[in-house]
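1. Coordinates for the following, if possible.
(4 chains)
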2 protein chains.
Amino acid sequence: MKIGELAKAANTPVETIRYYERAGLLPDAARTESNYRIYGEAQRDRLIFIRHCRGLDMTLDEIRLLLRFKDSPSENCAQVNTLIDEHIGHVSVRIRELKNLERQLKTLRKTCGEARESSQCGILNGLSACREGESLTGKTGHVHGAHTMKS
Amino acid sequence: MKIGELAKAANTPVETIRYYERAGLLPDAARTESNYRIYGEAQRDRLIFIRHCRGLDMTLDEIRLLLRFKDSPSENCAQVNTLIDEHIGHVSVRIRELKNLERQLKTLRKTCGEARESSQCGILNGLSACREGESLTGKTGHVHGAHTMKS
DNA sequence: GAAAACCCTGTAGCCGCTATAGTGTCAAGC
DNA sequence: GCTTGACACTATAGCGGCTACAGGGTTTTC
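-> Predicted coordinates for the structure are as follows:
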């Protein structure tokens, strides 16, 4: 199959596939005479694996490690378990952080129930004031942000 | 105060302060004869405001909007309320996504209780298999990722 | 008067894509 | 057989929000 077909089969943009190749997650693809990439089922499955991992918010580095284990089936998978455990830890930490955030934001929102002059706005004023016990976000994990990509 | 003092006062790296200036969040600072930036209390307060907003995971664009309202105190702050409401929405969405993720990861983790051969590893095999009802993450908000920055 | 600590500008890198510009190849329809 | 359109290729730049240089100048401290 050509790259466009693979893209459909794995529900992945073409550019992303080429990016994964450059990034070393997919092996350099075989080429036709006219220099088009061609793929078999093995590569398709590998790509689907990668996309599953990305769907679980793993970094490409984490995925690289998992792929190494997939590529050496006789090795002991203890490191895989560790990786997943750590990743779960990162996600949990991030959930806790975001819940905190949500709480703070809702508190802040209550301080300006209705529209009024900016100078009187409880939100703007609240953001200016210094709160004390603020343990600013994340040093622990690698799960970031509060903003998803599209739109 | 010079930039280093401001950095301490607002608990913000010097480079980040310069970056905010370039990004138009802080006004171009006044300069000494030897071209050093100098700041007063107003700029310090503005920076602290920005850092509070960042602590609440707002984007620089969102913060720019808030600053516009701070800069025109007689305007109606309805848009501020809307922004905060939307931001709360983004955070809530992200929390739901991450909880989902956590659930999936824990399920996956259970499939390989103990270390064994990679080829037998429930995790690696689970990641290869196609799950059906996967509503892949995020189109709705702008709160992203599961990975925090440092370490 | 030398060394350390600070400041400056400009540029490149991080991640995981995404989007261009500019070119080449191929299959279908006339 | 020639045009049109869909697809493929490479190379490069951009996103956000910093962070980290390199290579210089200034100010403070001993």
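
2. does the residue nearest the centre of chain A count as helix, strand or coil?
-> In chain A, the C-alpha nearest the mean C-alpha coordinate belongs to A:Asp57, at 3.5 Å (CA atoms, centre = their mean). With DSSP: H, G, I helix; E, B strand; the rest coil as the basis, A:Asp57 sits in coil.

3. was I right about it contacting B:Leu101?
-> Yes - the pair A:Asp57 / B:Leu101 is scored as a contact, 5.9 Å apart, by CB atoms under 8 Å. Bear in mind the C-beta positions are built from the backbone N, C-alpha and C, glycine included.

4. rewinding a little: quick one: the residue nearest to the centre of chain A and DNA strand C, what's the gap?
-> From A:Asp57 across to DNA strand C, the span is 9 Å (CB to the nearest atom of the strand, to the nearest Å).

5. got a pLDDT number for the nearest residue to that residue once chain neighbours are set aside?
-> Closest residue in space to A:Asp57, ignoring its immediate chain neighbours: B:Ala146 at 3.8 Å, by CB to CB, 6 or more residues apart in numbering or on different chains. If you check B:Ala146, the pLDDT there is 75.

6. which residues does B:Ala146 contact?
-> A:57, A:87, A:90-91, A:94, A:141-144, B:98, B:101 (CB atoms under 8 Å, 6 or more residues apart in numbering or on different chains).

7. ok, the helix ranked longest in chain A near DNA strand D or not?
-> Longest helix in chain A, counting residues (DSSP state H): helix A:78-110. No - judged by CB under 7 Å from any atom of the strand, helix A:78-110 and DNA strand D are separated, with a smallest distance of 14.3 Å.

8. What helices and strands are in contact with whatever helix or strand comes next after that helix?
-> Counting by DSSP states H and E, the next helix or strand C-terminal to helix A:78-110 is helix A:122-128. Applying 3 or more CB pairs under 8 Å, 6 or more residues apart in numbering or on different chains; DSSP states H and E, one finds that helix A:122-128 contacts helix A:78-110, helix B:41-55, helix B:60-71, helix B:78-110.

9. quick one: buried residues of helix A:122-128?
-> Under the neighbour-count criterion of 16 or more other CB atoms under 10 Å in any protein chain shown, helix A:122-128 has A:122-124, A:126-127 buried.

10. for stretch A:12-24, same thing?
-> Buried residues in stretch A:12-24 (16+ other CB under 10 Å): A:12, A:16-17, A:20-21.

11. Are it and DNA strand C in contact anywhere?
-> Yes - for stretch A:12-24, a contact with DNA strand C is found by CB under 7 Å from any atom of the strand, at A:13, A:15-16, A:19.

12. How is chain A partitioned into domains?
-> A:3-55, A:77-151 (automatic domain parsing).

13. Indicate which one of those domains is closest to B:Asn81.
-> domain A:77-151 (5.9 Å; CB to CB).

14. Include distance to A:Ser74 when you put the contacts of B:Ala146 into JSON lines, please.
-> What follows is the contacts of B:Ala146, written out as JSON lines (distance: CB to CB, whole Å):
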{"residue": "A:Asp57", "distance to A:Ser74": "29"}
{"residue": "A:His87", "distance to A:Ser74": "24"}
{"residue": "A:His90", "distance to A:Ser74": "29"}
{"residue": "A:Val91", "distance to A:Ser74": "30"}
{"residue": "A:Arg94", "distance to A:Ser74": "35"}
{"residue": "A:Gly141", "distance to A:Ser74": "32"}
{"residue": "A:His142", "distance to A:Ser74": "30"}
{"residue": "A:Val143", "distance to A:Ser74": "32"}
{"residue": "A:His144", "distance to A:Ser74": "36"}
{"residue": "B:Leu98", "distance to A:Ser74": "35"}
{"residue": "B:Leu101", "distance to A:Ser74": "30"}
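
15. Now, of the residues you listed, which are buried?
-> Among the contacts of B:Ala146, the ones that count as buried by 16+ other CB under 10 Å are A:57, A:87, A:90-91, A:94, A:141-144, B:98, B:101.

16. Between those residues, which sits nearest DNA strand D?
-> A:His144 (8.8 Å; CB to the nearest atom of the strand).

17. Generate a markdown table for the buried residues of helix A:122-128, with pLDDT as supplementary columns.
-> Output for the buried residues of helix A:122-128, formatted as a markdown table (pLDDT from 0 to 100):
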| residue | pLDDT |
| --- | --- |
| A:Gly122 | 73 |
| A:Ile123 | 77 |
| A:Leu124 | 75 |
| A:Gly126 | 72 |
| A:Leu127 | 74 |
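
18. Of those residues, which is the nearest to DNA strand D?
-> Once CB to the nearest atom of the strand is applied, the member of the buried residues of helix A:122-128 that ends up nearest DNA strand D is A:Leu127, at 14.7 Å.

19. residues contacting that closest one?
-> A:108, B:49, B:52-53, B:66.
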